[in-house]
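Asker: Kindly generate the corresponding structure for this input.
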Amino acid sequence: MDLTPLIASFTLFSLMEFGDKTHIAVITLSMKHKPLLVFAGALGAFAVVDGASVLVGGFIADLIPSFWINVISGGLFLIFGVLTLRGEDDGDEVEESGRGALASAFSLVSLMELGDKTQFASFVLAARYGNPGMVFLGILLGAALITGSGVVIGKGLMKLVPERYLRYVAAALFILFGIIFLANAFLGIELF
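Answerer: Below you'll find the predicted structure:
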């Protein structure tokens, strides 16, 4: 059995995603929500978006123009930033239900991945190696590594920095990324 597609997709995906906007989103979500729920939601999003890319190529990205992906992502980041600033009471309710954390991670990571370089890499790798199953497995393993590291980093920050400050840091990161995505959509400024 040739493991080249698995190794290539795992390595490329991991290197491309480390420190990327999706990784930062997972870190930020992990500062507010239960790590297991963030991990599950984010990994599910990677599986859906990148799995679809492996199966049908760039079809999803062609359906939704990058302008709208940036506008929706930017809007969601701004909303998450404002909600994070509103206070701990709302966060506690979301964390207790669990569905809010899972849905937040899934929706945010899904939008981050639509039209992202790793989605296109997934398509290219599947076409190049002709083995979508191994490419998909490599991508999922890479996504698990990146998501797991993001959760660990986010929870580590919770131990180092008092919680009241983390709320402001998380809100600032969400708002900053929202502005970056909207600037990308409306002004063509691309930082990520």
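
Asker: Which of the helices and strands in this structure ranks last by mean pLDDT?
Answerer: Between all helices and strands in the chain, the lowest mean by mean pLDDT, DSSP states H and E belongs to helix 88-97, at a mean of 43.

Asker: next structured bit after that one?
Answerer: Using DSSP states H and E, the next helix or strand after helix 88-97 towards the C-terminus is helix 99-113.

Asker: So what angle separates the directions of the next helix or strand along the chain from that next one and helix 99-113?
Answerer: Proceeding N to C from helix 99-113, the next assigned helix or strand is helix 117-129, under DSSP H and E. Per axes from the mean of the first three to the mean of the last three Cα atoms, to 10 degrees, the angle that helix 117-129 makes with helix 99-113 is 60 degrees.

Asker: could you point out which element follows helix 117-129?
Answerer: The C-terminal neighbour of helix 117-129 among helices and strands, as given by DSSP H and E, is helix 132-160.

Asker: how about that next one: buried residues?
Answerer: For helix 132-160, the neighbour count (16 or more other Cβ atoms under 10 Å) marks 132, 134-144, 146-147, 149-151, 153-154, 157 as buried. All C-beta spots, glycine's among them, are computed from the backbone N, C-alpha and C.

Asker: Contact partners for residue 132?
Answerer: 54, 55, 126 (Cβ atoms under 8 Å, 6 or more residues apart in numbering).
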